[in-house]
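Undergrad: sequence unknown, structure follows:
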């Protein structure tokens, strides 16, 4: 990992540590057991980062001068990589604007290798641009980020131990006494690869504006389109394609078609074994969250609270609440809430995101089309880790 990323991560951890202390100070109390545990974890992680930085700096000092630079101009490997990435961004923007040259323009050296290589079918988009889109997809969709990823080609079979029909039994016994064996069954889920496409239309008026950062715009729009589609498929799937969480077996059915009670949320949360509770969180539509914000306990205290230390600003029964536009509102037969650890969902990405740019197909509408292709599949791999709250049919 680059020093820059390590330092950024250290700053975030330091900020989180200071927030924990500030929160306790503002309430004139000691750190809770959970806060103390998190404080210790942050401290250890910061110490690891410091040791890593110190170790690498010492190692660099021991390297011969010629190993610290790949050229006679004094630029080290990290500097050259950054220059190449910047040159690739310029080349990508130029290609969208219809400017195609043998190498990227600008002050980047010719040996950066950032040229847009042309083929009979168009151009090979630089990997750094595709990586930016992937990183943005991960940022936009925490469900995709938190799921278990398998980046392989072809069909993938994942074995799992099914104890629903029986399990290994342990009991007291005496010497020379016979016993009966018992066991569960090993089963497997198969992940294929389904090709999906996202199309982003870019106005030529924006493209022709030299002051507009066309690369960032395309990366953001493409990532949002891909993330929105993938997240919807992870949550509900499509018949005959990706299953996603449509196969969730732990289902709590609400007594009403339009209202969720606190007891039903408790039943949903308690359906997940304690061993999988640590990284579990709620997933719901924003309108559902608004409804749950009005729930109170017997003392008149709201159950869903704002929490600056949580991932998305709200907690319900001590767990984070994530709102997704892909989740339906509370309605007859709808799955209104998911709860659990998303590591229970297996996601296979067969190949990196492929990007293609078509300038001719949208010429009559004064637009350029940017296409993104991804091949993936997703299925539930641990039924105990995720549960669903479904509204009454009607």
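TA: Yep, that arrived. These numbers were taken from a predicted model, which means no experiment stands behind them.
Undergrad: what are the ranges of the helices in the stretch 101-250 of the chain?
TA: 127-140, 142-146, 204-207, 214-236 (DSSP state H, counting those that start in this stretch).
Undergrad: do the same with the stretch 251-394 of the chain
TA: Remark: helices assigned in the stretch 251-394 of the chain by DSSP H, counting those that start in this stretch are 262-270, 286-292.
Undergrad: And the contacts of the last one?
TA: If you take C-beta atoms under 8 Å, 6 or more residues apart in numbering as the criterion, helix 286-292 is touched by 259-260, 265, 284, 303-304, 314, 316, 321, 323, 325, 327, 329-330, 336-337. Placement of C-beta: from N, CA and C, glycine included.
Undergrad: quick one: which of those sit in strands?
TA: Using DSSP state E, the members of the contacts of helix 286-292 that fall within strands are 284, 304, 314, 316, 321, 323, 336-337.
Undergrad: Between all of those, which two are separated the most?
TA: Greatest spatial distance in the ones in strands among the contacts of helix 286-292: 314 and 336, 16.0 Å, computed using C-beta to C-beta.
Undergrad: Pick out whichever of these two has more residues nearby.
TA: Neighbours were tallied for residue 314 and for residue 336 using other C-beta atoms under 10 Å; the higher tally belongs to residue 336 (25 against 19).
Undergrad: Now do the contacts for that one.
TA: Contact partners of residue 336, counting by C-beta under 8 Å, 6+ apart, are 254, 260, 284-285, 288, 327-330, 389-391.
Undergrad: what helix or strand does residue 58 sit in?
TA: Residue 58 belongs to helix 33-62 when elements are defined using DSSP states H and E.
Undergrad: Report the angle between the very next helix or strand once past that helix and helix 127-140.
TA: Tracing the chain past helix 33-62, the next element assigned as helix or strand by DSSP H and E is helix 77-96. Angle, helix 77-96 to helix 127-140, by axes from the mean of the first three to the mean of the last three C-alpha atoms, to 10 degrees: 90 degrees.
Undergrad: which residues touch residue 326?
TA: Contacts for residue 326 (C-beta under 8 Å, 6+ apart) come out as 228, 231-232, 235-236.
Undergrad: so what's the residue sitting nearest the centre point of the chain closest to, chain neighbours aside?
TA: The centroid of the chain falls nearest to residue 145 when counting by C-alpha atoms, centre = their mean (1.7 Å). If the residues on either side of it in the chain are set aside, residue 145 comes closest to residue 138, at 4.6 Å by C-beta to C-beta, 6 or more residues apart in numbering.
Undergrad: That neighbour: neighbouring residues, count only.
TA: By other C-beta under 10 Å, the residues close to residue 138 number 15.
Undergrad: Many thanks, have a good one.
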